[in-house]
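Chemist: Dropping the sequence and predicted coords here.
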Amino acid sequence: MHIKIENLDFGYEPNALVLKNINLELTGPKFVSILGPNGVGKSTLIHCINKILVPTGGRVLIDGVDVSDIHIKEIAKIIGYVPYSANDTFPLSVIDTVLMGRHPHSNWKSQDSDLKIVYKALRTLGITHLSMRPLNELSAGQHQKVMLARGLVQEPKILLLDEPTANLDIRHQISVTKMLRRLSVDREILVIMISHDINIAARYADEIIILSEGGVYTSGKPSEVITADNLKEVYGVEARVVEDNGRPYVILDDALPMDGEEQMWEGN
């Protein structure tokens, strides 16, 4: 699949753009990570890709077709989406929750083939033992894995994930990220993941996009974009970047104080 974003703008209010003149091209299979400080428009960008939000200006093309011309059910067959935090509070079982991801491909009645796909996703994520548990009784980490399974059973060509490892411990962060990279190869899909963990992204992503102040600051291979200068400019931190098995690894020094922060602490 090929995503082309042309001159994309988005604003929740007039004259207050969250995204400004975004131009990107992404072709799968590939594992892409989107990095950037809080509030720079990372989630907004993927919401424009999957038609949750309508751009204020510009357009998003999937294989040459404007997403505005694609029916929402057809979008769901192409693009799987795993939100940062779902609001599912109904006492559905895990298997029923994941089965909802098959809706774009199914009729009103679930088929045996759908259940096989669901159980395969549960096994992939190591949560088969949770299949009959109510979703609202799970831990945050377990809940996040269920949402990921629901995205996988859509069998998408593009998988969008908004911080899918946010509620997981470090071991599960690494295992899930490795699994996503493997999926991009094995299933030949374009995986796009928002992350705040620079080192995990640098270790496993094929390409990294760094957003800053509503625009694309830089994009490319991890070794090209994860540099001390870029981290200082975008995040305001001093860091050393060393090479580890051909991949950049960030060692933070001291964070640069925000305006007035140094004086605030000195005043206490």
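Modeler: Looks like it arrived, so ask away. Note that the structure is predicted; figures quoted are calculated from it, not measured.

Chemist: helices or strands up against the one helix or strand Arg171 maps to?
Modeler: Arg171 belongs to helix 170-186 when assigned by DSSP states H and E. Under the contact criterion of 3 or more Cβ pairs under 8 Å, 6 or more residues apart in numbering; DSSP states H and E, helix 170-186 touches strand 30-35, helix 140-152, strand 158-162, strand 190-194, helix 198-204. Using the backbone N, CA and C atoms, a C-beta is placed for each residue, glycine as well.

Chemist: Pull the distance from it to the chain's centre.
Modeler: The chain centre lies 13 Å from the centre of helix 170-186; the measure is Cα atoms, centre = their mean, to the nearest Å.

Chemist: ok, and what's touching that helix?
Modeler: With contacts defined as Cβ atoms under 8 Å, 6 or more residues apart in numbering, helix 170-186 is touched by 28-31, 124-125, 141, 145, 148, 152, 159, 161, 164-165, 168, 189-191, 193, 197, 200, 204-206.

Chemist: what about Lys42, distance to Asp69?
Modeler: Distance, Lys42 to Asp69, using Cβ to Cβ, to the nearest Å: 25 Å.

Chemist: for the protein, what are the low-confidence residue spans?
Modeler: 85-90, 107-110, 254-268 (pLDDT under 70).

Chemist: Show me how it divides into domains.
Modeler: Taking automatic domain parsing as the criterion, the chain consists of the domains 2-91+154-226, 228-268.

Chemist: now the strands: where do they sit in the stretch 1-150 of the chain?
Modeler: For the stretch 1-150 of the chain, the strands defined by DSSP state E, counting those that start in this stretch cover 2-13, 16-27, 30-35, 57-62, 65-66, 79-82.

Chemist: correct me, but Pro29 touches Glu207?
Modeler: No. Contact criterion Cβ atoms under 8 Å: Pro29 and Glu207 do not qualify, at 11.6 Å.
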